[in-house]
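Colleague: Pasting a predicted model and its sequence here:
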Amino acid sequence: MNIRITPGRLRGAVTPPPSKSLSHRALIAAYLAGSVDRIARLADSQDLAATRRCMEALLDVEDGFPTLDCGESGSTLRFLIPLALVTRGGAKFVGRGRLMERPMEPYFDIFRRAGVHFERTGGALFISGALTPGVYELPGHVSSQFVTGLLYALPLLPGDSEIAVTSPLESRDYVTMTVDALKKYGVSVENQAFQRFFIPGGQKYTPCDYTVEADWSQAAFWYAARFAGGDIALSGLDPASPQGDKTVAALEDRLRGRGEVDIDLSQIPDLLPPLAAMAALRTGETTVFSGAARLRMKESDRIASTAAMLRAFGVTCAERADSLTVTGTDALRSCTVDGANDHRIVMAAAILATAADGPVTVLGAEAVNKSYPTFFEEFNRLGGIADVL
């Protein structure tokens with residue numbers, strides 16, 4: 001689906017959708033506790049549909065290894081691999097897009113030490129074997145999703161376990177979200193300064209009522225719309241949220257200032273596209289985004305696709321292996337933007353289009369269904385003009 005956007009200011013109040021990250025975590029725990037029907041405000045997206053589909057297959061009573069179709073959801077894939085070993089002794093994982101190309105070595109290193117069989121071939125991952133109580137070493141700089149995956153599975157083992165993080169943990173707040181969700185479902189984890197996690201064995205997930213709060217990651221695009229001149233009021237966001245992306249509020253203020261702004265993305269990788277959209281509007285000012293190497297392996301190479309989006313609008317930017325430098329302009333041009341099969345690139349392009357000097361066509365706009373299916377409905381409700389071609 002391609003969309004043509006006619007420039008113009010957005011105006012009105014918007015409540016971001018329920019948090020995708022918290023929805024994943026609540027949904028997995030609720031399935032294990034048998035209380036899925038007690039989650040309120042569960043996010044609706046392709047990624048969440050993948051987690052629901054895979055949890056139902058994982059907990060099916062039929063014999064044999066299940067096939068878990070993770071779609072394009074990295075969270076679903078990495079969260080459920082250890083659970084598949086603990087609950088079913090293995091599984092076949094499949095996915096689409098770039099999902100099965102994402103780094104998996106932290107798990108594979110564990111599997112080699114534990115004698116777990118794994119085979120990655122033909123766009124699928126096959127695993128079989130068992131996890132046993134013990135110490136699990138993981139690097140922290142690849143993805144916090146590996147830590148989360150183990151945190152869900154290890155409490156179900158008969159003995160105590162530990163996770164030892166062997167390098168500084170990036171995206172720490174996502175692990176905080178996991179520990180908070182586990183606690184609500186009756187599972188205890190001791191977080192020792194994000195360097196070691198002690199997990200008592202023999203635990204059970206217990207049912208609870210859970211309400212998913214609004215998503216700060218998605219809110220960031222409406223912050224960008226405000227930065228682009230929109231009159232946007234955001235509601236429903238919890239400033240005390242465990243979501244690390246709540247820092248977008250403070251970063252918006254920083255970007256409104258003069259002079260070079262340096263932003264380390266190592267703890268907030270999902271914010272690059274909306275923050276880059278803001279940086280593009282800082283006329284004559286430079287913004288440097290660093291700590292972004294992991295973004296090369298998202299739905300797109302998100303450093304490259306963000307740079308390509310900005311250049312389409314006439315914005316000067318420079319890529320390095322783990323960084324992006326943006327020089328703002330006061331003249332965004334009419335253009336065509338490749339959405340790169342990346343929901344966050346599509347949304348950032350749509351926001352920048354509101355400040356362009358003519359119509360903007362965004363290719364592959366259906367990518368928003370991955371995380372925010374109602375994005376363009378909200379966009380038009382706020383006075384935007386986004387027409388399907």
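Modeller: Cool, got the structure.
Colleague: Nearest residue to Gly229 in space, please, no chain neighbours.
Modeller: Nearest non-adjacent residue to Gly229, counting by C-beta to C-beta, 6 or more residues apart in numbering: Arg9, 5.4 Å away. For every residue, glycine as well, the C-beta is placed using N, CA and C.
Colleague: Got phi/psi on the residue of the chain most remote from its centre?
Modeller: Largest separation from the mean C-alpha position in the chain: Asp63, at 32.6 Å (C-alpha atoms, centre = their mean). Per-residue torsions, Asp63: phi -70, psi 160 (degrees, to the nearest 10).
Colleague: show me the residues around it that make contact.
Modeller: By C-beta atoms under 8 Å, 6 or more residues apart in numbering, the contact set of Asp63 is empty.
Colleague: try it again with 10 Å
Modeller: Contact analysis of Asp63 by C-beta atoms under 10 Å, 6 or more residues apart in numbering lists Arg88.
Colleague: hang on, the earlier thing: the residue nearest to Gly229 and Gly384 touch, don't they?
Modeller: Yes: here Arg9 reaches Gly384: they are 9.0 Å apart, a contact under C-beta atoms under 10 Å.
Colleague: if we can go back for a sec, any idea how far Ala225 is from the residue nearest to Gly229?
Modeller: Taking C-beta to C-beta, to the nearest Å as the measure, Arg9 falls 9 Å from Ala225.
Colleague: which residues do those two both contact?
Modeller: Contact with both Arg9 and Ala225 is made by residues Asp231, Ile232, Thr354, Ala355, Leu382, Gly384, according to C-beta under 10 Å, 6+ apart.
Colleague: Could you tell me how far the last one is located from Ala224?
Modeller: For Gly384, the distance to Ala224 under the criterion C-beta to C-beta works out to 13 Å.
Colleague: Find residues that contact each of the two.
Modeller: Counting by C-beta under 10 Å, 6+ apart, the contacts common to Gly384 and Ala224 are Gly230, Ala350, Ile351, Thr354.
Colleague: Tabulate these (TSV), appending distance to Leu169, pLDDT and neighbour count.
Modeller: Compiled in TSV, these are given as follows (distance: C-beta to C-beta, whole Å; pLDDT from 0 to 100; neighbours: other C-beta atoms under 10 Å):
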residue	distance to Leu169	pLDDT	neighbour count
Gly230	35	97	22
Ala350	33	98	27
Ile351	31	98	29
Thr354	37	98	26
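Colleague: Burial check on Tyr223, number of neighbours?
Modeller: By other C-beta atoms under 10 Å, the residues close to Tyr223 number 24.
Colleague: Quick one: residues contacting it.
Modeller: 216, 230, 232, 234, 248-249, 251-252, 255, 271, 274-275, 277-278, 351.
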